[in-house]
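S.K.: show me the folded form of this:
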Amino acid sequence: MNLPFFESFRAVRWLRTLNLILQALLFVSLFGGLNYVAKNHAWRFDLTRQRKFSLSPETLSYLHNLDRPVHIIMTLSPDSDNPEVRGLIDEYVYATEDRSTGRITKETLDVYQNRRRSEEVGIEQADIIALLSGDKRRIVTVSELYTLKQKQRDSFHGEQVLTAAILDVAMPNRQKIYFLSGHGELRVDNADAQAGLSAFADQLKVRNFEVDAVDLTATRKIPADASLLVAVAPQSSYARAEQELLRQYLGTNAGRMLLFISPGMSTAALGLDDLLLDWGVLVQNDRILDPAQENMAENGDLLIRAFVAHPITKTLIELGNQPLRLGAARTVMPDPGRTLGGGLSTVAIAATSTNAWGERGFRPGVVPKYDPGIDTRPMPGMEPADRLGVIVASERLAVRDNLPFSVRGGKMVVFGSGDFIANGRLDTASLLVALNAVNWTVDRDKQLSIPPRPVERFMLSLSAADFTRLRYALMMVLPGAAMMLGLLVYWTRRT
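M.R.: Residues are numbered from 1 along each chain as shown. Coordinates of the predicted model:
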């Protein structure tokens, strides 16, 4: 009896073969599709504790504005232990790989094996990083990327250093910051712990700023290339002509200024009343005291933990309201009598606790107490509520002819502390705030500071007995377990 073809064993064999072929095709198509999606629509998630495979927002903002390509040549020796460096450079390449301009590429060069290429690029030393852009180049050694503690690598500053190097070779024009002098201000060329600003100046230079000083009493003009003016703890009055220069620079020229004012002299005695009034800022002639023990450090520093969301304070807020340490400080607040509107925005962005007051009759050695009606207390209806401001940011946007857009206006940040960025007081929190203030005033408000990352170490400590037990486990336990599993399978199949 002849069966129909589709009911025969031959047809069954063909169907099984076809089924296997289709399964193989589906299997290949699945993996091909997954590879296509992974290549063209990849998502990356950094799950490491220190986010070691992520660039900071500041770096990403800089890279987004690059308009010149940068080529990075690594001459890291094969036996060198620098995983942070290799991984970081890969992140720069990945962050710019989809850009037509401002793309970063990398090359690993063995200066001992590839002498021809070494001579071509002019690099003959191992363990360095060369950054090339057009005819500009910069060399960074691996040792510059780490800080040492007890002769061991403690923290990794690679992103900070390499970002600055990239900006140095790719952006020929630098913004210039002038520090005012001639009135007893702290100076950038002074390395003294109390009276110098050299450490902060170095941080600015690393971030591709030019730093210089200007004495208005001598020059009688503000340099035309000034992107930002900084006055730190002036001790004598600015002359009328100097005051008018500053007012014209900030108002007519939409200039930018950071002002650090120590307790002691009033703003009227300093000749700054009119300038601050223009920007809606009121600086009280007092000294802030806080009786709460948790708000005072052991050395008497004031601890500031209340921050308003702002580009200047954003980093501290993201770090869980990391406290800001201030020495002698005075109250700074938005002027309650300022004219509202007109494009002027004035806000206190850092404030004391609710226990603090501004002591107007402070005398060293005398136990202070709050005197109602004399000392400074928070004003009702003023933000932040029930607190005294210590940092105020003021911004003016000039609206033209009632059009729905604004043009660039001036900016001012006033600090109620004169030694906030002095060499001896510059710590992580104060540096972050000061750099963010600089970035915000010069319109780098989306570019945050780059904190160092700790170098992670993993150490396995085994005694001689531990090594013996490990040896026997590898030689006997694991093979024995495999043998027992084989016997169990054999016995199961027999029964």
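S.K.: spell out which helix or strand contains residue 176, please.
M.R.: strand 175-181 (DSSP states H and E).
S.K.: I'd like the next helix or strand past that strand.
M.R.: That would be, after strand 175-181 and using DSSP H and E, helix 198-206.
S.K.: got the buried residues for that next one?
M.R.: 198, 199, 200, 201, 203, 204, 205, 206 (16 or more other Cβ atoms under 10 Å). No exception for glycine: its C-beta is placed from N, CA and C like everyone else's.
S.K.: go on, stretch 362-375?
M.R.: 362, 375.
S.K.: where's it relative to the chain centroid, distance-wise?
M.R.: 39 Å (Cα atoms, centre = their mean, to the nearest Å).
S.K.: what's the answer for stretch 95-110, then?
M.R.: With Cα atoms, centre = their mean as the basis, stretch 95-110 stands 22 Å off its chain's centre.
S.K.: hmm, back to that, could you dump the buried residues of helix 198-206 into a markdown table and include distance to residue 433 and pLDDT?
M.R.: A markdown table is the format used below for the buried residues of helix 198-206 (distance: Cβ to Cβ, whole Å; pLDDT from 0 to 100):
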| residue | distance to residue 433 | pLDDT |
| --- | --- | --- |
| 198 | 19 | 94 |
| 199 | 15 | 93 |
| 200 | 11 | 94 |
| 201 | 16 | 93 |
| 203 | 12 | 85 |
| 204 | 14 | 87 |
| 205 | 19 | 82 |
| 206 | 17 | 69 |
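S.K.: touching the strand holding residue 176 from outside, list them.
M.R.: Applying Cβ atoms under 8 Å, 6 or more residues apart in numbering, the external contacts of strand 175-181 come out as 185, 187-188, 197, 201, 204, 208-216, 222-223, 225-232, 234, 438, 442.
S.K.: just the buried ones from those residues, in ChimeraX syntax?
M.R.: Applying 16+ other Cβ under 10 Å to the contacts of strand 175-181, the buried members can be selected in ChimeraX as follows:
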select :185,187,188,197,201,204,208,209,211,213,214,216,222,226,227,228,229,230,231,232,234,438,442
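S.K.: mark which of the contacts of strand 175-181 are part of helices, please.
M.R.: 201, 204, 216, 438 (DSSP state H).
S.K.: OK, contacts around the first one?
M.R.: Contacts here follow Cβ under 8 Å, 6+ apart; on that basis residue 201 touches 179, 188, 189, 211.
S.K.: distance of it from residue 223?
M.R.: According to Cβ to Cβ, to the nearest Å, residue 201 and residue 223 sit 17 Å apart.
S.K.: one more: residue 364?
M.R.: 40 Å.
S.K.: again, but for residue 349
M.R.: For residue 349, the distance to residue 223 - Cβ to Cβ - is 28 Å.
S.K.: again with residue 352
M.R.: Counting by Cβ to Cβ, the gap from residue 352 to residue 223 is 37 Å.
S.K.: look up how far residue 137 lies from residue 90.
M.R.: For residue 90, the distance to residue 137 equals 21 Å [Cβ to Cβ].
S.K.: okay, the two: which has more neighbours?
M.R.: When residue 90 and residue 137 are compared for neighbours, residue 137 comes out ahead with 17 against 12, by other Cβ atoms under 10 Å.
S.K.: A helix includes the more buried one, no?
M.R.: No: judged by DSSP: H, G, I helix; E, B strand; the rest coil, residue 137 forms no part of a helix; its state is strand.
S.K.: tell me the bridge partners for it.
M.R.: Applying DSSP bridges to residue 137 gives these bridge partners: residue 132.
S.K.: and it, what does it touch?
M.R.: Here residue 137 is in contact with 130, 131, 169 (Cβ under 8 Å, 6+ apart).
S.K.: which of the residues you listed lies closest to residue 471?
M.R.: residue 130 (46.8 Å; Cβ to Cβ).
S.K.: for the closest one, which non-adjacent residue is spatially closest?
M.R.: residue 73 (4.4 Å; Cβ to Cβ, 6 or more residues apart in numbering).
S.K.: who are the packing partners of the helix or strand in which the one you found is found?
M.R.: Using DSSP H and E, residue 73 sits in strand 70-74. With contacts taken as 3 or more Cβ pairs under 8 Å, 6 or more residues apart in numbering; DSSP states H and E, strand 70-74 sits against helix 83-96, strand 104-108, strand 128-133, helix 158-170.
S.K.: a markdown table for the ones you listed, including mean pLDDT and distance to residue 335?
M.R.: Output for those, formatted as a markdown table (pLDDT from 0 to 100; distance: least, Cβ to Cβ, whole Å):
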| stretch | mean pLDDT | distance to residue 335 |
| --- | --- | --- |
| helix 83-96 | 86 | 43 |
| strand 104-108 | 91 | 47 |
| strand 128-133 | 88 | 47 |
| helix 158-170 | 82 | 37 |
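S.K.: for residue 286, find the nearest of those.
M.R.: Ranking these by proximity to residue 286 (Cβ to Cβ) places helix 158-170 first, at 37.5 Å.
S.K.: show residues contacting the closest one.
M.R.: Helix 158-170 is contacted by residues 55-56, 58-59, 62-63, 66-70, 84-85, 88-89, 92, 102, 104, 129, 131-134, 136-138, 140, 144-146, 206-208, 450, 452-453 when judged by Cβ under 8 Å, 6+ apart.
S.K.: can you select the buried ones from those in PyMOL?
M.R.: Those of the contacts of helix 158-170 that count as buried under 16+ other Cβ under 10 Å are selected in PyMOL with:
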select buried, resi 55+56+58+59+62+63+66+69+70+84+85+88+89+92+102+104+129+131+132+133+137+138+140+145+146+206+207+208+450+452+453
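S.K.: give the contact list for residue 123.
M.R.: So residue 123 contacts 73, 75, 109, 111, 130, 139 (Cβ under 8 Å, 6+ apart).
S.K.: let's see that with 10 Å instead.
M.R.: Going by Cβ atoms under 10 Å, 6 or more residues apart in numbering, residue 123 touches 73, 75, 109, 111, 117, 129, 130, 132, 137, 139.
S.K.: so how do I select the buried members of these in ChimeraX?
M.R.: Selection of the buried residues among the contacts of residue 123 in ChimeraX, burial being defined by 16+ other Cβ under 10 Å:
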select :73,75,109,111,129,130,132,137
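S.K.: look at residue 262 and report its pLDDT.
M.R.: pLDDT, residue 262: 94.
S.K.: any idea which helix or strand carries it?
M.R.: Going by DSSP H and E, residue 262 is not in any helix or strand.
S.K.: looking at the protein, which helix is longest?
M.R.: helix 9-40.
S.K.: who are the packing partners of it?
M.R.: The contact analysis (3 or more Cβ pairs under 10 Å, 6 or more residues apart in numbering; DSSP states H and E) places helix 9-40 against no helix or strand.
S.K.: right, and the helix or strand after it?
M.R.: Counting by DSSP H and E, what follows helix 9-40 is helix 57-64.
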